[in-house]
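Peer 1: Model the structure of this input:
(2 chains)
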Amino acid sequence: MSLADSAGEVARLFERAESLWQNYVEGARTAIREWERLRPLLYERISVLKAMIRVNLEEVRELSLKVELGLVSEAKAKRRLEVLGAETPALVKELGELWILLEELTEMTILHSRRMGVPAEVREEDIEAKARELEECFHGSVIDKETYEKLREIIARQLAALKSLPPHG
Amino acid sequence: MSSRGVCPGLYRTGNKFYCKFAGGAEVDPAFLPCVADYWSCEFYKKQEEKRRAPQPPQVPQQAVAAVEIREEPRVTTELRPPPPPQPVAAADEVEELVRRAVDLGKMWEEYEREARAIVDSWEEVREKLRKDLLGLEKAIEAYEAEIERLEARLKLGVLSEKEYEEVRSRLDAELAQRLSSKELLERKLADLDRAVIPHFKRVKATEVKPEIAKMRIALSKLEQKFKSGEIPRDVYERLKSEIEEKIRRLEKIREEVEEL
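Peer 2: Residues are numbered from 1 along each chain as shown, chains lettered A, B, ... in the order given. As a prediction, the model looks like this:
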């Protein structure tokens, strides 16, 4: 093979890489666009679930105090506790599943945005704020330990992904 | 024709016959013309002559006779037992009234039971609606945050104008829907109060004042617990505002009941 042939082969490899890159960018942009559509719905549901769980937990904590203050009868408090006892774990489970999905998809978005050289959807301070909220939710029993640990891992990876890959020009 | 066949002066008492025109003397109609031929009887003829002769004073006599005749049915009427329909009708009326009063009592009991059940579940339903409202408020906040985030991404150049417009219009539509649901829910809450308060006034009017007093005692106990450090500030504030809102609602009902 002549030098010219070898140079031509290298050029074809670059062209192929460029084509693959273009395909990748196109695919990643499509995924991010779809994510932009889905994200608000997921984010909305998670926000509502967090609020519902907090309200239920507050009610559970306050029911005994309300009985003591004569605001609620013991029988009514018992009935309400039964309802809350059945409803709250289901909400906690749903929140855990959806929150993990949201963070996994956010991690992928960060990763591919950085690879493509476009700014990621989150900044470091956003991730740090999210980590603080996660701590609060765990200590407030809004999420269980297993979910908390999984989310901590994902959030740590998000932060690492954001720091490790410098954005392209 | 029988009146023409038998002398009008003939009358019977037991098995014996008597003649009115002969001064009440006993007669035997088998041997006298009392039957079929009485106009040939001398007593009858004399009676007839008396009747046919001009008798001006007879008018009052006839009137007396007429009165006598009229008196007969009256005497007969007096002898009959009193007609029963009127007292029977009055008794029926009383029974009917009693039955209706009993029915009304049952209806009231049923109404009171139902109304109390509604009033009792009023607070629970209100709480549920308030919880749903809170959920909607959180959803609205989430959409507002998403819109803010989307604008930031547009400024950073991550999204094209077209992509931004497409996502933005979807977010705006979702946000408008949540805002409308929130408004609807708030109206439902107001409607619920409007629907329940009249029943509350009817069945629990006398309980409003003691209920307010109960709430005030609860508020005072709550304050004591907070001051002694038994409960955290957030719990205290939440319950305080809940009790105060309840007192305000009860006070409003009390004022309306007193105006009636």
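Peer 1: List the buried residues of stretch A:26-44.
Peer 2: Neighbour counts over stretch A:26-44 (16 or more other Cβ atoms under 10 Å in any protein chain shown) mark A:A28, A:R29, A:I32, A:W35, A:E36, A:R39, A:P40, A:L41, A:L42, A:Y43, A:E44 as buried. Placement of C-beta: from N, CA and C, glycine included.
Peer 1: and the third one, what helix or strand is that in?
Peer 2: Assigned by DSSP states H and E, A:I32 falls within helix A:3-69.
Peer 1: for that helix, packing partners?
Peer 2: Packing contacts for helix A:3-69, counted by 3 or more Cβ pairs under 8 Å, 6 or more residues apart in numbering or on different chains; DSSP states H and E, involve helix A:74-116, helix B:85-156, helix B:161-204, helix B:208-227, helix B:233-259.
Peer 1: Out of these, which gets nearest to A:Y148?
Peer 2: helix A:74-116 (8.7 Å; Cβ to Cβ).
Peer 1: before we move on, back to that, hmm, which of the buried residues of stretch A:26-44 is lowest in pLDDT?
Peer 2: Sorting those by pLDDT puts A:E36 at the bottom of the list (85).
Peer 1: thinking that residue is in contact with B:V167, fair?
Peer 2: Yes - A:E36 sits in contact with B:V167 when judged by Cβ atoms under 8 Å, with a separation of 5.2 Å.
Peer 1: Surely A:E62 is in contact with B:E237?
Peer 2: No - using Cβ under 8 Å, A:E62 is not in contact with B:E237, being 11.8 Å away.
Peer 1: higher neighbour count, those two?
Peer 2: A:E62 (19 against 12; other Cβ atoms under 10 Å in any protein chain shown).
Peer 1: Compute the number of surrounding residues for residue 12.
Peer 2: You didn't say which chain, so I picked chain A. A total of 10 residues lie near A:R12 under the criterion other Cβ under 10 Å.
Peer 1: hm, I was asking about chain B
Peer 2: Using other Cβ under 10 Å, the number of residues around B:R12 comes to 9.
Peer 1: now the one helix or strand it maps to, how far from the centre of its chain.
Peer 2: B:R12 is located in strand B:10-13, with elements delineated by DSSP H and E. Relative to its chain's centre, strand B:10-13 lies at 67 Å (Cα atoms, centre = their mean, to the nearest Å).
Peer 1: helices and strands around it, which ones?
Peer 2: On a contact count with 3+ Cβ pairs under 8 Å, 6+ apart, strand B:10-13 meets strand B:16-19.
Peer 1: Centre of the chain to the strand it packs on, how far?
Peer 2: The answer for strand B:16-19 is 71 Å, by Cα atoms, centre = their mean.
Peer 1: Repeat that for stretch B:190-209.
Peer 2: Using Cα atoms, centre = their mean, the offset of stretch B:190-209 from its chain centre is 21 Å.
Peer 1: try stretch A:21-34
Peer 2: The answer for stretch A:21-34 is 20 Å, by Cα atoms, centre = their mean.
Peer 1: Same check on stretch B:191-210?
Peer 2: On Cα atoms, centre = their mean, the centre of stretch B:191-210 falls 21 Å from that of its chain.
Peer 1: Does chain A have contacts with it?
Peer 2: No - against chain A, stretch B:191-210 shows no contacts by Cβ under 8 Å from any Cβ of the partner chain, the least distance being 11.5 Å.
Peer 1: Just the buried positions in that stretch, please.
Peer 2: Applying 16+ other Cβ under 10 Å to stretch B:191-210 flags B:V196, B:I197, B:H199, B:F200, B:K201, B:V203, B:K204, B:V208 as buried.
Peer 1: Grab the nearest non-local neighbour of the fifth one.
Peer 2: The shortest distance from B:K201 to any residue that is not its chain neighbour, by Cβ to Cβ, 6 or more residues apart in numbering or on different chains, is 5.4 Å, and that residue is B:V257.
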